[in-house]
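Chemist: Fold the following.
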Amino acid sequence: MLSGRSEDQKRQLMEGITNLMVDICGSKRERVGVVVHEVGAENWARGGVPLADEGLTPTGRPEL
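Modeler: Model (predicted):
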């Protein structure tokens, strides 16, 4: 995902993914690992154009 989200958002994401693995897949909570991989908009391209050139925010929405 694009970098720039808050620590709280990432924490909620990790908890949510863990809960889904437990609820849907029957995984043991203590065995679920989640890695948040953040990529800067300058290092991610769509259609050959870096997202930073499109002025996108971390949520993928254009800056106002």
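Chemist: drop to CA atoms for contacts and neighbour counts, all remaining ones
Modeler: OK.
Chemist: And the helix or strand of the chain with the lowest mean pLDDT, what does it pack against?
Modeler: Here the helix or strand of the chain ranked lowest by mean pLDDT, DSSP states H and E is strand 45-46, holding a mean of 86. With contacts defined as 3 or more C-alpha pairs under 8 Å, 6 or more residues apart in numbering; DSSP states H and E, strand 45-46 has no helix or strand neighbours.
Chemist: ok, and what's touching it?
Modeler: Contacts to strand 45-46, defined as C-alpha atoms under 8 Å, 6 or more residues apart in numbering, come from residues L51.
Chemist: Tell me the helix or strand right after it.
Modeler: strand 49-50 (DSSP states H and E).
Chemist: in its sheet, what does that following strand sit against?
Modeler: strand 45-46 (antiparallel) (DSSP bridges).
Chemist: Distance from the partner strand to the middle of the chain?
Modeler: 16 Å (C-alpha atoms, centre = their mean, to the nearest Å).
Chemist: same deal with stretch 28-41?
Modeler: Stretch 28-41 has its C-alpha centroid displaced from the chain centroid by 9 Å (C-alpha atoms, centre = their mean).
Chemist: repeat for stretch 30-43
Modeler: Put simply, stretch 30-43 sits 6 Å off its chain's centre (C-alpha atoms, centre = their mean).
Chemist: Report the contact partners of the residue nearest to D53 when sequence neighbours are not counted.
Modeler: Excluding the flanking residues, the one nearest D53 by C-alpha to C-alpha, 6 or more residues apart in numbering is E42, at 7.6 Å. The contact partners of E42, taken as C-alpha under 8 Å, 6+ apart, are 50-53.
Chemist: what do you get for K28?
Modeler: V22.
Chemist: now it: how far from N19?
Modeler: Per C-alpha to C-alpha, to the nearest Å, K28 is found 10 Å from N19.
Chemist: pLDDT weak spots in the chain?
Modeler: Scanning the chain with the threshold set as pLDDT under 70 gives 56-64.
Chemist: ok, which stretches of it are helices?
Modeler: Under the criterion DSSP state H, the chain carries helices at the ranges 7-25.
Chemist: show me the contacts for the residue lying closest to V32 once chain neighbours are set aside.
Modeler: With C-alpha to C-alpha, 6+ apart as the criterion, V32 has its nearest non-adjacent residue at 6.1 Å, and that residue is T18. T18 is in contact with 29, 32-34, counting by C-alpha under 8 Å, 6+ apart.
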